[in-house]
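Q: Pasting the sequence and the predicted model now:
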Amino acid sequence: AKAKGRNTFHFYSQELNAAANERLFIENELRHAIRDKQFVIHYQPQVDSRTLQVVGYEALIRWFHPTEGMISPTKFIPIAEATGLIVELGAWVLKEACEFAVRLANQNLKNNISINLSARQFKDANLVPLLAKIIKQSGVEAKRLHLELTESMLMGHVEAAIAQLHQLKALGVSISIDDFGTGYSSLSYLKRFPVDILKVDRSFVKDIPQDTNDMEITAAIIAMAQKLKLNVVAEGVETIEQIEFLQNNNCYIVQGYYFSPPVSEHDLPALYAKLNKT
Ligand code: C2E
Ligand code: CA
Ligand code: CA
Ligand code: CA
C-alpha cells in the first residue's frame with residue numbers, strides 16, 4: 001500500500017509539474033508575443049435575426065504561437081490576468097478593435113464592437129485615460145464601443161465599480177454584462193449599476209428547446225432586461241429552434257455558430273455574402 005501510495009503521489013506530482021510547466025511556458029511566451037505579433041483578433045457577428053443584418057461584432061483574441069499553434073484564450077487569458085500581462089495585452093486589444101471599428105465606419109458600416117475587459121483591466125486606474133486616448137487617436141465614435149464585463153467584476157467593491165462604470169460611460173461607450181446569469185447578481189443589485197446590455201450566457205441557450213428549465217431562465221432574463229430597459233444579446237446560438245424561441249420571447253440580437261464563428265477581418269466579405277444569401 002505504501003509503495004502504491006508513493007507511486008500515486010509520484011504520478012500526481014508529475015501531472016502537477018506538467019501543468020505548472022505549461023503555465024510557466026505560456027507566461028514566458030506571453031512576455032514577447034505582443035512584440036512578435038503573434039496575436040490577432042477575430043470578430044464574431046451579432047446578427048438581428050429578423051433582418052439578418054450584422055449589428056455588431058465581438059472582438060475575440062487569438063494567439064498563433066510559432067511552435068504550439070493556436071493557444072485558446074481560455075488557457076492564456078487567466079495567466080495573463082494573474083501575471084498582470086493582461087494590462088498590456090488588453091490595451092492592445094482595445095486599440096486594435098477601435099481601429100477595426102474605424103475601418104468599418106470608413107466602409108459606411110455602422111457596427112458596434114464589443115470588447116472583453118478582464119477584472120484587472122477594469123480595476124486599473126489607468127483604464128479611463130487609456131481608453132480616452134485610444135478613442136481620440138483612432139477616431140472611433142465612442143458610442144460604437146461596448147465594453148463587456150462579468151458580474152463578478154462588479155461585486156466586492158461595489159461603490160468603486162459603480163464609479164468606474166460612470167467614468168467609462170462618460171466617454172460615451174456602452175456597458176454589457178457578459179455571461180449573464182452565471183454570477184451572483186440580483187435584480188436589485190443590477191439596478192444600481194449603469195449598464196446597457198445583458199448577454200444571456202451560452203449555458204442557458206445551448207439546451208433549448210430540450211431543457212425546459214433553461215427555457216424558463218432565458219425567458220425570465222429577457223423579461224427582466226426589458227423591465228430594466230436593457231438590451232439583450234443571446235450568446236452561443238447554434239440552431240434555428242433557439243432563434244425561434246428567442247424571437248418568441250422578444251430577443252432578436254443573437255451571436256453564435258448558427259450565423260458564424262469568430263472570423264478574421266479578411267474573411268468578413270465571405271460572411272456578408274453568406275448572410276445575404278440566407
Ligand atoms: P466569452 O467572452 O464568453 O466569449 C464567447 C466564447 O464563446 C468565444 O470563445 C466564442 O468563440 C465562443 N462561441 C461563440 N459562439 C459560440 C457557439 O455558438 N457555440 C459555442 N460552443 N461557442 C461559441 P473564445 O473565443 O474561445 O473565448 C473564450 C473566452 O476568452 C471569452 O469568453 C472571454 O472570456 C475570453 N476572451 C477572449 N478574447 C478576450 C480578450 O480580448 N480579452 C479578455 N479579457 N478576454 C477575452
Ligand atoms: Ca464576451
Ligand atoms: Ca460570454
Ligand atoms: Ca461564457
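A: Arrived safely. Residues are numbered from 1 along each chain as shown. Ligands and ions are numbered 1, 2, ... in the order given.
Q: The spatially most central residue of the chain: what's its closest spatial neighbour, skipping adjacent residues?
A: With distances taken as C-alpha atoms, centre = their mean, the residue of the chain nearest its centroid is residue 116 (4.2 Å). Nearest residue to residue 116 in three dimensions, chain neighbours excluded: residue 148, at 4.8 Å (C-beta to C-beta, 6 or more residues apart in numbering). Where you see a C-beta, it was placed from the backbone N, CA and C, and this is true even at glycine.
Q: show me the contacts for the one you found.
A: Residues in contact with residue 148 (C-beta atoms under 8 Å, 6 or more residues apart in numbering) are 58, 114, 115, 116, 117, 176, 177, 178, 199.
Q: any idea whether it is helix, strand or coil?
A: Classification of residue 148 by DSSP: H, G, I helix; E, B strand; the rest coil places it in strand.
Q: sorry, back to before: what are the phi and psi values at the residue nearest to the centre of the chain?
A: Note on residue 116: backbone dihedrals following degrees, to the nearest 10 are phi -80, psi 130.
Q: pretty sure it is in contact with residue 178, am I right?
A: Yes: with contact defined as C-beta atoms under 8 Å, residue 116 reaches residue 178; the gap is 6.8 Å.
Q: Could you export stretch 95-107 as PDB, CA atoms only?
A: Output of stretch 95-107 as PDB, limited to C-alpha atoms (Å, rounded to 0.1, in the frame of the first residue of the first chain):
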ATOM      1  CA  LYS A  95      -6.500  49.700 -29.800                       C
ATOM      2  CA  GLU A  96      -7.000  47.000 -32.500                       C
ATOM      3  CA  ALA A  97     -10.700  46.800 -32.000                       C
ATOM      4  CA  CYS A  98     -11.100  50.600 -32.200                       C
ATOM      5  CA  GLU A  99      -9.100  50.700 -35.400                       C
ATOM      6  CA  PHE A 100     -11.200  47.900 -36.800                       C
ATOM      7  CA  ALA A 101     -14.400  49.900 -36.000                       C
ATOM      8  CA  VAL A 102     -12.900  52.900 -37.900                       C
ATOM      9  CA  ARG A 103     -12.200  50.700 -40.900                       C
ATOM     10  CA  LEU A 104     -15.800  49.500 -40.900                       C
ATOM     11  CA  ALA A 105     -17.100  53.100 -40.500                       C
ATOM     12  CA  ASN A 106     -15.000  54.100 -43.500                       C
ATOM     13  CA  GLN A 107     -16.900  51.500 -45.500                       C
END
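Q: ok, it near ligand 2 or not?
A: No: judged by C-beta under 5 Å from the ion, stretch 95-107 stays clear of ligand 2, getting no closer than 12.1 Å.
Q: from the chain's centre, how far out does that stretch sit?
A: 18 Å (C-alpha atoms, centre = their mean, to the nearest Å).
Q: Show me what counts as buried in the lengthiest strand in the chain.
A: Longest strand in the chain, counting residues (DSSP state E): strand 53-65. Neighbour-count burial for strand 53-65 flags 54, 55, 56, 57, 58, 59, 60, 61, 63, 65 (criterion: 16 or more other C-beta atoms under 10 Å).
Q: In the sheet, which residues pair with the third one? Tell me.
A: Applying DSSP bridges to residue 56 gives these bridge partners: residue 46, residue 112.
Q: how close does the residue nearest to residue 116 get to residue 94?
A: Distance of residue 148 to residue 94, given as C-beta to C-beta, to the nearest Å: 12 Å.
Q: any shared contact partners between those two?
A: Residues touching both residue 148 and residue 94 (C-beta under 8 Å, 6+ apart): residue 115.
Q: Which two of the buried residues of strand 53-65 have the greatest separation?
A: 55 and 65 (32.9 Å; C-beta to C-beta).
Q: tell me what whichever strand or helix holds residue 220 is packed against?
A: Counting by DSSP states H and E, the element that carries residue 220 is helix 212-227. Contacts defined by 3 or more C-beta pairs under 8 Å, 6 or more residues apart in numbering; DSSP states H and E place helix 212-227 against strand 197-200, helix 202-205, strand 231-234, helix 240-248.
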